[in-house]
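>>> sequence plus predicted model, see below.
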Amino acid sequence: MHLSLQKIAVLVALFIATLVGFLLWNDLSPLALFPLGLMLVYFAVYNTEKLFIALAFFTPLSINIEEFTQSIGLFLPTEPLLFGLMILLSAMEIQSGFLHRDIWKNWIIRAVLFYLFVVFVTAITSSHPVVSFKFLLARLWFIVPVLLFGTHFLSSEKNRKYFWWLFTIGTSIAILYTLAHHSLYAFGEKEGHWVMWPFFKDHTIYGAIVALVLPIIVALFWSEKHPPLTQAILFVLISIILLGLFFSYTRAAWLSVILSVVIGFLIRFKVNFNFLLSIGIVVLIVIWFRWDKIQQELARNKHEHTTESFDERLQSAANVTTDASNLERINRWSCAIEMFKERPLSGFGPGTYAFEYAPFQEPENLTIISTNFGDMGNAHSEYLGALSEMGIFGLLAVLLIVTAIFYEGITLYQQWPSEDKKTRVMLMGYIMSLSTYFIHAFLNNFLDSDKAAVPIWAMCAIFIALRIQLAEKKK
């Protein structure tokens, strides 16, 4: 009997799945990783494109083994897959050169290369070189396969569609799990900080990713006329994501979504940049002359982030008097600035903030959730984190990346043919989605996690691929 390659692949997959089930049933879970690894290696070699697209589904559902083993932080299955794809695709590129040459002319790629150069140089001068070079390696296995080779895999409209459908479905599964778990505690605010475990570490990154995926699923809904069943599925997914966003109790996520809508309107209706700049200058002048009055109003704000009321939680974002979460964030920012002052050019090294910030805490900035051991994480800001760890050039590199991303996205949206409504709507969705994250990045930093890195670099890869397609259309 003749068997095609596809049938053999299905039989092998079924055999491995049965073997994994048997090992898990008999409490031999560590051994189950071996056949799973074999199956992933097979797909990486013979179905590289499909495995790349499947990353979108795995990412929201990945689990950090550090939570179970107290060993190294590694997200399974995404990070091993990303590392493997980085090696495999780099070898394929050296052998056959399948990437489009024009990607190296794109400002996003150039900004990212400058950033990686800064990371490498500051890793050499780091206070913890091993930590910093691990940081560099982790950045590479996100950037190389997703951003660089994503320009090839995501150049196809079909692949882009599958990628975001899978990412949305994966995120929705994580949200449904969280909501079901949360319901056991009557959707309490305190429990809302950890019920998303093990898929997400806490409610801050959970809220950030839920906010990030919302504009994309809305764009999928509006981008084209769908059959009734597809429309119903999309409507259900949007409802799940909105519920997840509300019960995340994450103020920064709520605010980032609201501001992303404002940004979307400004781009859609082509509001003049000089007009916006004038408004910004007027607002700054008003703040300058009324700063004492503003401080008095801030001091009167006693709303705590522990409330379950939506409006009171939003108001608590401006409470810098009694809200421990806000005060601890100010403490971290203050430490980052003091660290920058001590090493303004090189910083303390990529990934070293958590090891170094404790001595820079001022007694008046300490809160009830502060720790003298400095073991409570990062700078709570993508921008100040880079400033403290890589000095002024680190901050400049991050700002260049953000500027390049939004320049590419906005100019692409404006220049893309108006008759191609589907792509234009998706471009707006990507811009608003990225807006939610980089607004959120003032208050938190998650680009060291696959949850944020994979979708963000994927959207950047799409911008680059579409820019190349637009240039070819013009030719």
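Thanks, I have it.

>>> from the chain's centroid, how far away is the helix or strand hosting Gly429?
Element membership of Gly429, judged by DSSP states H and E, is helix 421-440. Put simply, helix 421-440 sits 13 Å off its chain's centre (CA atoms, centre = their mean, to the nearest Å).

>>> please apply the same query to stretch 233-243.
That offset, for stretch 233-243, works out to 20 Å (CA atoms, centre = their mean).

>>> quick one on the thing from earlier: buried residues in the following helix or strand past the helix holding Gly429?
For helix 421-440, the succeeding helix or strand toward the C-terminus, using DSSP H and E, is helix 450-474. For helix 450-474, a neighbour-count test (16 or more other CB atoms under 10 Å) marks 450-470 as buried. Every C-beta, even on glycine, is put in place using the N, C-alpha and C of the backbone.

>>> what angle sits between helix 450-474 and helix 421-440?
If you take axes from the mean of the first three to the mean of the last three CA atoms, to 10 degrees, helix 450-474 sits at 140 degrees to helix 421-440.

>>> what ranges do the strands span in the stretch 51-200 of the chain?
Assigned by DSSP state E, counting those that start in this stretch, the stretch 51-200 of the chain shows strands spanning 63-64, 75-76.

>>> report all helices and strands that the last one contacts.
Here strand 75-76 is seen to pack against strand 63-64 when contacts are counted using 3 or more CB pairs under 8 Å, 6 or more residues apart in numbering; DSSP states H and E.

>>> wait, what's in contact with Leu212?
Listed by CB atoms under 8 Å, 6 or more residues apart in numbering, the contact partners of Leu212 are 433, 436-437, 452, 455-456.

>>> could you point out which element follows the helix or strand where it lies?
Leu212 belongs to helix 203-222 when assigned by DSSP H and E. On the C-terminal side of helix 203-222, the nearest following helix or strand under DSSP H and E is helix 228-246.

>>> gap between Asn326 and Tyr115?
From Asn326 across to Tyr115, the span is 29 Å (CB to CB, to the nearest Å).

>>> what pLDDT does Leu24 get?
Leu24 is assigned a predicted lDDT (pLDDT) of 48.

>>> confidence score at the closest residue to Ala471 other than its chain neighbours?
Ranked by CB to CB, 6 or more residues apart in numbering and with sequence neighbours excluded, the top spatial neighbour of Ala471 is Asp102, at 7.0 Å. Per-residue pLDDT puts Asp102 at 94.

>>> how many neighbours does Asp102 have?
Neighbour count for Asp102, taken as other CB atoms under 10 Å: 14.

>>> surely it meets Ile468?
Yes: Asp102 lies in contact with Ile468 (CB atoms under 8 Å); the separation is 5.1 Å.

>>> what's near enough to touch Pro60?
So Pro60 contacts 167, 170-171, 173-174, 199, 209, 451 (CB under 8 Å, 6+ apart).

>>> swap in 6 Å and give it another go.
The contact partners of Pro60, by CB atoms under 6 Å, 6 or more residues apart in numbering, come to 170-171, 174.

>>> what's the separation between Phe57 and Leu237?
In this structure, Phe57 and Leu237 are 14 Å apart, going by CB to CB.

>>> and these two? Which one has more around it.
Remark: of Phe57 and Leu237, Leu237 carries more neighbours, 21 against 18, as counted by other CB under 10 Å.

>>> give me every residue that touches the more buried one.
168, 172, 217.

>>> residues contacting Pro344?
391-392.

>>> what pLDDT is listed against it?
What the model reports as pLDDT for Pro344 is 96.

>>> ditto for the one 3 residues further on
In the prediction, the pLDDT value recorded for Gly347 is 96.

>>> repeat for the one 3 residues further on
pLDDT, Pro350: 96.

>>> quick one, phi/psi of it?
Per-residue torsions, Pro350: phi -60, psi 130 (degrees, to the nearest 10).

>>> can you start the count at 269 instead of 1 from here on
I'll keep to 269 as the first residue from here, and by that count the last item is Pro618.

>>> residues near it, how many?
29.

>>> can you pull the contacts of it?
Applying CB under 6 Å, 6+ apart, one finds that Pro618 lies in contact with 387, 390-391, 400, 403, 657.

>>> nearest to Ala604 among those?
Ala604 has its nearest neighbour among the contacts of Pro618 in Glu657, at 8.6 Å by CB to CB.

>>> I'd say the closest one and Gly615 touch.
Yes: contact criterion CB atoms under 6 Å: Glu657 and Gly615 qualify, at 4.6 Å.

>>> where does the stretch 619-743 of the chain have low pLDDT?
For the stretch 619-743 of the chain, the stretches with pLDDT under 70 are 640-644.

>>> list the residues that contact Ser491.
Listed by CB under 6 Å, 6+ apart, the contact set of Ser491 reads 690, 693-694.

>>> OK, contacts around the residue lying closest to it once chain neighbours are set aside?
The shortest distance from Ser491 to any residue other than its chain neighbours is 4.1 Å, reached at Val693 (CB to CB, 6+ apart). By CB under 6 Å, 6+ apart, Val693 lies in contact with 487, 490-491.

>>> next: Ala709.
Counting by CB under 6 Å, 6+ apart, Ala709 has contacts Glu650.

>>> any chance of the backbone angles for it?
Per-residue torsions, Ala709: phi -70, psi -20 (degrees, to the nearest 10).

>>> what's the angle from the helix holding Leu480 to helix 718-742?
Going by the same axes, to 10 degrees, helix 471-490 makes 30 degrees with helix 718-742.

>>> just put the contacts of Val693 in JSON lines and tack on distance to Ile535 and pLDDT.
What follows is these, written out as JSON lines (distance: CB to CB, whole Å; pLDDT from 0 to 100):
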{"residue": "Ala487", "distance to Ile535": "13", "pLDDT": "97"}
{"residue": "Trp490", "distance to Ile535": "15", "pLDDT": "95"}
{"residue": "Ser491", "distance to Ile535": "16", "pLDDT": "93"}
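
>>> which one of those is nearest to Ser451?
Ser451 lies nearest to Ala487 out of the contacts of Val693, by CB to CB, at 29.5 Å.

>>> list the contacts of that closest one.
The neighbours of Ala487, taking CB under 6 Å, 6+ apart as the test, are 693-694, 697.

>>> relative to Arg600, which of these is nearest.
Proximity of the contacts of Ala487 to Arg600 (CB to CB) peaks at Gly697, which lies at 31.8 Å.

>>> how close does the closest one sit to Ile333?
In terms of CB to CB, Gly697 sits 33 Å off from Ile333.

>>> between these two, who's got more neighbours?
Counted by other CB under 10 Å, Gly697 and Ile333 do not tie: Gly697 has more neighbours, with 23 against 16.

>>> the more buried one contacts Leu482, doesn't it?
No: counting by CB under 6 Å, Gly697 does not reach Leu482; the two are 9.3 Å apart.

>>> overlap in contacts, the two.
If you check Gly697 and Leu482 against CB under 6 Å, 6+ apart, no residue is contacted by both.

>>> regarding Lys469, which helix or strand does it belong to?
Taking DSSP H and E as the definition, one finds Lys469 inside no helix or strand.

>>> may I have the phi/psi pair for it?
With angles defined as degrees, to the nearest 10, Lys469 shows backbone torsions of phi -70, psi -40.

>>> next one: Phe623
Dihedral angles (degrees, to the nearest 10) for Phe623: phi -90, psi -20.
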